[in-house]
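Participant: A predicted structure for the sequence below; I have some questions about it.
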Amino acid sequence: MALNKNQHGFTFIELSVVMAILSILSAIAFVYFNDLFARGRDSAAVSDAISLITVVNNHFLDKKSVNYQTSTPDGTGIGVQDVDGNPISPVFTFSPGVRIQFDGIDNISPGDQDTMGKFFAYIYHYQGTPEPDDIAGYGVFRRGVLVFIEEATGTHTHILY
């Protein structure tokens, strides 16, 4: 079948150039959206940290006995035992992917005046923004929130990393 001179098609070079341009644009879009999703996951960790501060402060005010370092088997809920080891319902449930790493062993709310409660933890999303330097010293290399709550002074501190 002979082609008519008026019929034109795309050459291989033209198609190759278009494919190269589309590849470059899709690579740029992938990097941008991946960063966007990671920052959204960071926001979920910050939101959970702020909500957890409220929950822990309320337990301190109510003098509830909670061992915050105990967790559900899947790791999504914390505070499933009181300080005597008796099971209680989880005092807080995290968003999917949000993790907590406790610092020290004093993450309790015993509710008696002699041993006031403390809460000290690092909260992050395991797929959040990678942190090039482990500023917090926790080895997770993810941006997150360091939370410190002390019942004796009634204060809380949270530091964004």
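Facilitator: Nice, I can see it. Residues are numbered from 1 along each chain as shown.

Participant: looking at this structure, which helix or strand does the model trust least?
Facilitator: When the helices and strands of the chain are scored by mean pLDDT, DSSP states H and E, strand 108-109 comes last with a mean of 74.

Participant: From residue 144, how far off is the spatially most central residue of the chain?
Facilitator: Residue closest to the average C-alpha location in the chain (Cα atoms, centre = their mean): residue 125, at 2.3 Å. Using Cβ to Cβ, to the nearest Å, residue 125 is found at 7 Å from residue 144. Glycine gets a C-beta too; all of them are placed from N, C-alpha and C.

Participant: Between the two, which contacts overlap?
Facilitator: Shared contacts of residue 125 and residue 144, defined by Cβ atoms under 8 Å, 6 or more residues apart in numbering, comprise 42, 45.

Participant: just the helices in the protein please.
Facilitator: Taking DSSP state H, the helices of the chain run over residues 12-62.

Participant: where does residue 132 land on pLDDT?
Facilitator: In this model, residue 132 is scored at 67, pLDDT.

Participant: right, I mislabeled it, should have said residue 4
Facilitator: 64.

Participant: Tell me, how many residues neighbour residue 82?
Facilitator: For residue 82, the count of nearby residues is 18 (other Cβ atoms under 10 Å).

Participant: what about residue 127, distance to residue 146?
Facilitator: Taking Cβ to Cβ as the measure, residue 127 falls 19 Å from residue 146.

Participant: between these two, who's got more neighbours?
Facilitator: Neighbours per residue (other Cβ under 10 Å) separate residue 127 from residue 146, with residue 146 holding more: 21 against 16.

Participant: Residue 78 versus the closest residue to that one other than its chain neighbours, what's the distance?
Facilitator: Using Cβ to Cβ, 6 or more residues apart in numbering and skipping residues adjacent in sequence, the residue nearest residue 146 is residue 159, 4.5 Å away. Distance from residue 159 to residue 78, counting by Cβ to Cβ: 20 Å.

Participant: quick revisit: remind me what the least confident helix or strand of the chain packs against, helices and strands.
Facilitator: When contacts are defined as 3 or more Cβ pairs under 8 Å, 6 or more residues apart in numbering; DSSP states H and E, strand 108-109 sits against helix 12-62, strand 66-67.
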